[in-house]
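*Asks:* mind looking at a prediction? Sequence and model below.
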Amino acid sequence: MTISVNLNKRLGSFALNASFASSGRLTALFGQSGSGKTSLVNLIAGLTKPDHGRITVGDRVLVDTEKRIFRPAHKRRIGYVFQDARLFPHLTVSHNLRYGRWFAPQGERYADMDSVVELLGIGHLLGRRPDGLSGGEKQRVAIGRALIASPRLMLMDEPLAALDDARKAEILPYIERLRDETKIPIIYVSHSVAEVARLANDVVILSDGRVLSHGSAADVLARHDLLPASEKGEAGALIELVVAEQEPAYGLTFLRSAGGEWRLPRIKAATGSKVRVRVRARDVMLATEKPAGISALNVLEGVVTGIETGEGPDVLVTLACGDDRLFSRITRRSLEAMALRNGQHLYLVIKAVSFEGGAVAFRHAAAVD
Ligand SMILES: Nc1ncnc2c1ncn2[C@@H]1O[C@H](COP(=O)(O)OP(=O)(O)OP(=O)(O)O)[C@@H](O)[C@H]1O
């Protein structure tokens with residue numbers, strides 16, 4: 001289903017001019033604070049009207065100023081999930097969920113309670129009240145309440161921003177299930193590259209009210225020049241790997257990509273599953289000769305396809321490893337010492353431990369314990 005946005009809106013001295021189309025299951029709206037993400041979400045939700053423009057979801061027109069169409073918020077059938085869960089404190093989880101049902105007209109209720117509860121793993125919480133839940137549990141219930149309303153679109157506005165890393169890690173697999181197992185398109189606001197890289201099919205980068213770039217997550221996130229300064233260290237490549245074998249004795253998983261073989265900290269996915277991994281440019285070392293006697297588990301071969309120098313001491317080297325594209329951030333000093341040039345054959349060295357945390361995304365993966 002394609003989400004298409006083409007609008008402008010003035011808010012005081014701020015001008016939002018946004019134009020993009022996305023057919024990904026999960027489209028991330030990514031940008032620094034003040035770039036216009038929430039303003040755009042409010043326009044999609046129908047909380048504000050554009051000065052000019054049109055928003056469509058599939059064949060449904062939400063607003064078209066030229067044709068004087070404005071579907072009010074309560075008729076857009078959008079599930080909203082905010083930074084804070086906003087559950088009703090006096091109602092149990094079960095009643096909070098049921099409340100969502102009232103927002104769907106009788107004939108259009110496709111979501112049933114049991115499957116939503118199962119999808120989000122909240123069956124054991126049904127009798128409890130929100131004040132007894134962890135932040136991650138509250139967010140899962142908030143997502144459930146939005147889903148029970150059988151929405152045609154989910155808008156998730158920084159749903160993980162208020163959670164610590166452990167709670168984020170707990171809830172990310174549920175958002176992945178929501179993306180992969182339901183057919184509801186999701187617009188997901190975030191200013192974290194790590195989150196966007198893990199979840200998004202498509203990415204829209206907003207800056208100062210304008211769309212700087214939009215397209216597939218792998219392509220957009222490869223544009224290091226577009227990332228906010230605070231996230232430059234997170235810049236890297238997204239590559240797809242297939243789980244080949246578990247190595248339980250070492251707590252590792254052996255995988256293959258178009259570019260070679262990988263050993264990463266254990267990934268709980270069945271053999272043959274596809275996973276997406278973010279390889280940060282700062283974690284990739286380069287060598288002109290095949291390294292021997294090193295502890296790093298991942299050594300790939302690649303060819304230099306680009307060298308970007310900037311003002312600072314570092315350089316971004318782009319490498320083709322088979323059909324994979326990887327990046328390495330090295331110093332200008334190393335660039336000169338190694339006399340790197342386009343077309344040169346190199347070895348890439350990547351420590352397995354650099355993948356701990358949220359770097360691995362599950363795609364079509366059969367999770368195993
Ligand atoms: N009603 C309004 N009147 C005037 N200015 C507004 C209004 N709403 C938003 N703005 C301005 O528009 C700009 C974009 O705000 P917005 O909240 O959309 O950004 P954001 O990318 O969501 O930021 P954050 O990540 O901090 O939530 C800001 O400069 C904000 O002050």
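*Replies:* Done, it's in. Numbering: from 1, shown residues only.
*Asks:* what average pLDDT does the longest helix belonging to the chain get?
*Replies:* In the chain, assigned by DSSP state H, the helix with the most residues is helix 165-181. If you average the pLDDT over helix 165-181, you get 84.
*Asks:* what helices and strands are in contact with that helix?
*Replies:* In terms of contacts (3 or more CB pairs under 8 Å, 6 or more residues apart in numbering; DSSP states H and E), helix 165-181 is packed against helix 113-120, helix 135-148, strand 186-190, helix 193-199, strand 360-363. Using the backbone N, CA and C atoms, a C-beta is placed for each residue, glycine as well.
*Asks:* name the next helix or strand downstream of the second one, please.
*Replies:* Elements were assigned by DSSP states H and E; along the chain past helix 135-148, the next helix or strand is strand 153-157.
*Asks:* so what are the sheet partners of that next one and their directions?
*Replies:* Neighbouring strands of strand 153-157 in its sheet, by DSSP bridges, are strand 78-81 (parallel), strand 186-190 (parallel).
*Asks:* weakest of those in terms of mean pLDDT?
*Replies:* Averaging pLDDT over each of these puts strand 78-81 lowest, since it has a mean of 91.
*Asks:* state the mean pLDDT of the next helix or strand after that strand.
*Replies:* Per DSSP H and E, the first helix or strand lying C-terminal to strand 78-81 is helix 93-101. Per-residue pLDDT over helix 93-101 has a mean of 86.
*Asks:* neighbouring contacts of helix 93-101?
*Replies:* Contacts of helix 93-101 with the rest of the structure, by CB atoms under 8 Å, 6 or more residues apart in numbering, involve 79, 87-88, 91, 109, 113, 116-117, 122, 125-130, 133, 141, 144-149.
*Asks:* which ones among these also lie next to the ligand?
*Replies:* By CB under 6 Å from any ligand atom, no member of these lies near the ligand.
*Asks:* among these, name the buried ones.
*Replies:* For the contacts of helix 93-101, a burial check counting by 16 or more other CB atoms under 10 Å picks out 79, 87, 113, 116-117, 122, 125, 129-130, 133, 141, 144-149.
*Asks:* mind telling me what element T318 is part of?
*Replies:* Using DSSP H and E, T318 maps to strand 314-321.
*Asks:* scratch that, E336
*Replies:* Assigned by DSSP H and E, E336 falls within helix 332-337.
*Asks:* could I get the CA-only coordinates of the helix or strand just after that helix as CSV?
*Replies:* Of the helices and strands lying after helix 332-337 in sequence (DSSP H and E), the nearest is strand 345-350. Once non-C-alpha atoms are left out, strand 345-350 reads as follows in CSV (Å, rounded to 0.1, in the frame of the first residue of the first chain):
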residue,chain,number,x,y,z
HIS,A,345,41.6,-4.8,-3.5
LEU,A,346,41.4,-4.8,0.4
TYR,A,347,40.5,-6.9,3.4
LEU,A,348,37.9,-5.7,5.8
VAL,A,349,38.2,-6.7,9.4
ILE,A,350,35.2,-6.6,11.7
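*Asks:* gap between strand 345-350 and the chain center?
*Replies:* In terms of CA atoms, centre = their mean, to the nearest Å, the centre of strand 345-350 is found 27 Å from the chain centre.
*Asks:* stretch 279-297 now?
*Replies:* Distance, centroid of stretch 279-297 to centroid of chain: 27 Å (CA atoms, centre = their mean).
*Asks:* contacts for that stretch?
*Replies:* Residues outside stretch 279-297 that contact it (CB under 8 Å, 6+ apart) are 224, 233-239, 252, 263, 299, 316-317, 326-330, 334, 338, 340, 344, 346-352, 354, 359.
*Asks:* first to last residue in that stretch, what's the distance?
*Replies:* End-to-end distance for stretch 279-297: 14 Å, by CA to CA, to the nearest Å.
*Asks:* in contact with R177, which residues?
*Replies:* Shown in contact with R177 (CB under 8 Å, 6+ apart): L119, L120.
*Asks:* from D219, how far out is it?
*Replies:* R177 sits at a distance of 25 Å from D219 (criterion: CB to CB, to the nearest Å).
*Asks:* and whatever residue of the stretch 51-200 of the chain ends up closest to the ligand, how many neighbours?
*Replies:* The stretch 51-200 of the chain approaches the ligand most closely through H191 (5.7 Å), counting by CB to the nearest ligand atom. By the criterion of other CB atoms under 10 Å, H191 has 20 neighbours.
*Asks:* which phi and psi does it have?
*Replies:* phi -120, psi 20 (degrees, to the nearest 10).
*Asks:* contacts only, for it.
*Replies:* Contacts of H191 (CB under 8 Å, 6+ apart): F30, G31, Q32, S33, K37, E158, P228, E231.
*Asks:* do that again at 7 Å, thanks
*Replies:* F30, G31, Q32, S33 (CB atoms under 7 Å, 6 or more residues apart in numbering).
*Asks:* what strands flank the strand holding T318, and is each parallel or antiparallel?
*Replies:* Note on strand 314-321: by DSSP bridges, its sheet partners are strand 298-309 (antiparallel), strand 324-331 (antiparallel).
*Asks:* need the winner for burial among those.
*Replies:* Stretch with highest mean neighbour count among the strands paired with strand 314-321: strand 324-331 (a mean of 21; mean count of other CB atoms under 10 Å).
*Asks:* outside of that one, which residues touch it?
*Replies:* Everything outside strand 324-331 that qualifies as a contact, by CB under 7 Å, 6+ apart, is 222, 235-237, 239, 257-259, 279, 281-282, 284, 286, 302, 313-319, 348.
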